[in-house]
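After the sequence you'll find the predicted model.
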Amino acid sequence: MKSGLLFSLLLLLLGCSSSKIDTNSPAERLYLEGEEAIKDERFLIAEEKLEAITKKYPYSEYAVRAQLRLADVYFQEERLPEASAQYTVFRDLHPNHEKIDYVYFRIGECAFFQIPDKIGRDTNIAHEALAAYKRLLRDFPNTSYRNQSESRILETRKKLAQKEIYIANWYLGQDRYPSAIKRYLYLLKTYTNIGYDEEAYKGLIKSYYELKEASPDSKRYARDFIKRYPNNEEVALARTIIGGNFN
């Protein structure tokens, strides 16, 4: 993830403040200097200015602004765990802030950008991202970040589905058919209609066939498989499961 991309996203999402800034007070001057430093990507200086506001002028209206902008600086620097923590503190301290939906979205973004590229790795952070986006949409149904959140949810679900299919296929390759069946069924239940159904059905049918299982469940899935994917190369296995004629 490039810092330039984060900076562009930040400008697009946060926008300019609509409140008038009076440059006559030290807190406000520090805030202006911090904003200028952010604009120039001098993030260390920006941090110093913003932190000075929160420490020296904690009751100033600019202390609240500085808290949020400090989280933004961490995000732009790709210090995502720190950014997430800062946004979370801001959310808890200022639940009625005018930009609170932005804060919720940013918490999701911090998790999203930490999802590992390799599907075999731990994906707990992906579940955190999903929870954050879903909470945003639940608590703020009219948020301007709806489309972006829905897109992130779909992308995150695909990443999680990739891991499930990876594990299920591994079990299948190891002849651990009951474990493979469990994973394929979980995928079809949890991550259906996002591009992995046919592969999951195919693995499921192979597993049932290898176990010579002609149970009501296996036959039902075999019929569904034939109906949905009549041209798949494993249709013959599905017909064998339905007929129960294993050789």
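Received the coordinates, thanks.

which element follows the top helix by length along the chain toward the C-terminus?
Ranked by residue count and defined by DSSP state H, the top helix of the chain is helix 146-173. Downstream of helix 146-173, the first helix or strand assigned by DSSP states H and E is helix 177-190.

And the contacts of that following helix?
161, 164-165, 167-169, 171-172, 196-197, 200-201, 203-204, 207-208, 210-211 (CB atoms under 8 Å, 6 or more residues apart in numbering). For the C-beta atoms, the positions are set from N, CA and C on the backbone; glycine is no exception.

Low-confidence ranges, the protein, go.
Low-confidence segments of the chain (pLDDT under 70): 1-24, 119-121, 247.

From Pro81, how far out is Leu30?
Distance from Leu30 to Pro81, counting by CB to CB, to the nearest Å: 26 Å.

Could you do Lys99 as well?
Counting by CB to CB, the separation of Lys99 from Pro81 is 21 Å.

Show the buried residues in the contacts of helix 177-190.
Among those, those buried by neighbour count (16 or more other CB atoms under 10 Å) are 161, 164-165, 167-169, 171-172, 196-197, 200-201, 203-204, 207-208, 211.

rewinding a little: and the longest helix of the chain, what's buried?
Along helix 146-173, these residues count as buried under the neighbour rule (16+ other CB under 10 Å): 146, 148-149, 152-153, 156-157, 159-165, 167-169, 171-172.

related to what we said a few turns ago, mind checking which of Leu30 and Pro81 has more residues around it?
In terms of neighbours (other CB atoms under 10 Å), Leu30 is the more surrounded of Leu30 and Pro81; the figures are 21 against 12.
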